[in-house]
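Trainee: Pasting the sequence and the predicted model now:
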Amino acid sequence: MRKFRINVNGNFYEVEVEEVGGATASAPAAAPAPAPAAAPAGSTAVSAPMPGRIVSVKVNVGDSVSEGDVLCILEAMKMENEIMAPSAGKVVAVNVSGGDNVNTGDTLVSIG
């Protein structure tokens, strides 16, 4: 058992956690995740508003989009969220594909 002290909304709690299976303290640390791709210079990055899984991508590089067009579908907490173009332009990069897991702030699509 390992003992931790956590703070939740200004209240401190002591908790004990039992490690079952998985990596041990002597196991090497996992490699860090790659940094999210940045938008090409002069383009607008459309980022993930929350962590989730990309269900489908509705655009390809070179497609022209209007403000409000659906770029991709992000599933988070059992809900499908339409990620829409913030402005009109041409898709210059698509950084995700169906089935990818993304974190908040990851660049999904870039519009130039």
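Mentor: Nice, I can see it.

Trainee: Next, count neighbours for residue 56.
Mentor: 13 (other C-beta atoms under 10 Å). Bear in mind the C-beta positions are built from the backbone N, C-alpha and C, glycine included.

Trainee: Quick check: pLDDT value at it.
Mentor: Residue 56 carries a pLDDT score of 96 in this model.

Trainee: Pretty sure residue 72 is one of the things it touches, is it not?
Mentor: Yes: using C-beta atoms under 8 Å, residue 56 is in contact with residue 72, at 6.5 Å.

Trainee: Could you grab the helix/strand/coil label for residue 105?
Mentor: coil (DSSP: H, G, I helix; E, B strand; the rest coil).

Trainee: any idea how far it is from residue 49?
Mentor: 9 Å (C-beta to C-beta, to the nearest Å).

Trainee: Please apply the same query to residue 3.
Mentor: 36 Å.

Trainee: now residue 53, which residues is it bridged with?
Mentor: Residue 53 has these beta-bridge partners by DSSP bridges: residue 75, residue 101.

Trainee: which residues does it contact?
Mentor: Residues in contact with residue 53 (C-beta atoms under 8 Å, 6 or more residues apart in numbering) are 74, 75, 76, 99, 100, 101, 102.

Trainee: one more time with 10 Å
Mentor: Shown in contact with residue 53 (C-beta atoms under 10 Å, 6 or more residues apart in numbering): 73, 74, 75, 76, 80, 96, 98, 99, 100, 101, 102.

Trainee: my guess is residue 70 meets residue 55, correct?
Mentor: No: the criterion here is C-beta atoms under 10 Å, and residue 70 misses it with residue 55 at 11.3 Å.

Trainee: Please, where are all the strands along this structure?
Mentor: Applying DSSP state E to the chain gives strands spanning 2-8, 11-17, 44-47, 52-57, 64-65, 70-76, 79-84, 89-94, 101-102, 107-111.
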